[in-house]
Structures are given as C-alpha cells and as structure tokens.
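Student: Following is a predicted model, sequence given first.
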Amino acid sequence: MTIRLRPHHLLCLLTYVGKGYSPAFTANYDVIAERVARGEDILIVSGPDDICAPLLNDADPHCVCESVTERDRLAVRDVSALLAVPVGDGQKMVLDAAFLWRIREAFSAGKVRNACVGCQWYDLCSSIATDGYRGAVLKDY
C-alpha cells in the first residue's frame, strides 16, 4: 500500500517524536511513521493526506487553509532544489536512510525550513534537529 503525503509532511516526518494535535492524530501519525520506516512507498499529493485524515472531520480543519498550501509550495521548492529533481504531486518516493540523512542535514542547516516559518511546532522541531534527531521516530540507519 502507498502512503499519501503532502509535501511539507516530508519535513514534519524528520522530527516527529510522537506529539501532535490530538490523541487520534498522534495514533495515526505513529502508524504512518512506522509504515515509512518499513520502506513503504510515498505518493506526494496536493492537499490533505494520510497524516491529515484525523483532522478532516473538525469544524474548521487547518489542513485546507491557504497557509498550509503555502507550506506545501515552499517545501516543494526547497526539497526539489536540494534533490535537484522536481518533487511534486504524483511523484512516488521511498524515504530511505540516504534520503533521511541528506534531508536532515539540510534541515539542520536551515536549507529546507522555509515551509516551517510560523508553524506552531517550529521550536520543538528545531530542538529535535539540534539534538541530532534523538528521539525521532524515523531513524536514518
């Protein structure tokens, strides 16, 4: 089975440590992170994805806001530049150890963090990156 991910969630997965918006969101994210860790294919999608799923029934889900769409646009730009290949809607990829190492190096250096500016999780993600991603669910080994 393939995991559907919006572009900025490629960055969020780097520092995911089991914290989230709600218990249902976190439980779902745990399952997705485990699937990614097992090497399951990722399909880049435009708009809400498998991580967003538990939030979509909220009265006003932030997953459909323009600010989140802008995060996706910035993530596409930065990750595409890093990888020197277009990363966008419909692309399949695997987040293997080499990918994780490369993107985490860029994340720590601030090269792929434009999508993160203004995010409520920015400080947490920064501290995880500064700590060498210790505690992150996805391991780059």
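Tutor: Yes, it's here.
Student: who's in contact with the longest helix seen in the chain?
Tutor: Secondary structure assigned by DSSP state H gives helix 66-83 as the longest helix of the chain. Contact with helix 66-83 is made by 6-8, 10-11, 46-47, 62, 86-88, 102-103, 106, 111-116, 118-119, as judged by CB atoms under 8 Å, 6 or more residues apart in numbering. In this view, the C-beta of every residue, glycine as well, is placed from N, C-alpha and C.
Student: Check the offset of the helix or strand that comes right after that helix from the chain's centre.
Tutor: The helix or strand immediately downstream of helix 66-83 is strand 92-93, counting by DSSP states H and E. A distance of 14 Å separates the centroid of the chain from that of strand 92-93, by CA atoms, centre = their mean, to the nearest Å.
Student: Could you pull up the mean pLDDT of strand 92-93?
Tutor: Summarised as a single mean, pLDDT over strand 92-93 is 95.
Student: Just checking: what are the partner strands of it?
Tutor: Strands that pair with strand 92-93, judged by DSSP bridges, come out as strand 42-44 (antiparallel).
Student: For the residue nearest to residue 134 when sequence neighbours are not counted, give me its contacts.
Tutor: Distances taken as CB to CB, 6 or more residues apart in numbering put residue 128 closest to residue 134, at 7.6 Å, once the chain neighbours are dropped. With contacts defined as CB under 8 Å, 6+ apart, residue 128 is in contact with 15, 17, 134, 135, 136.
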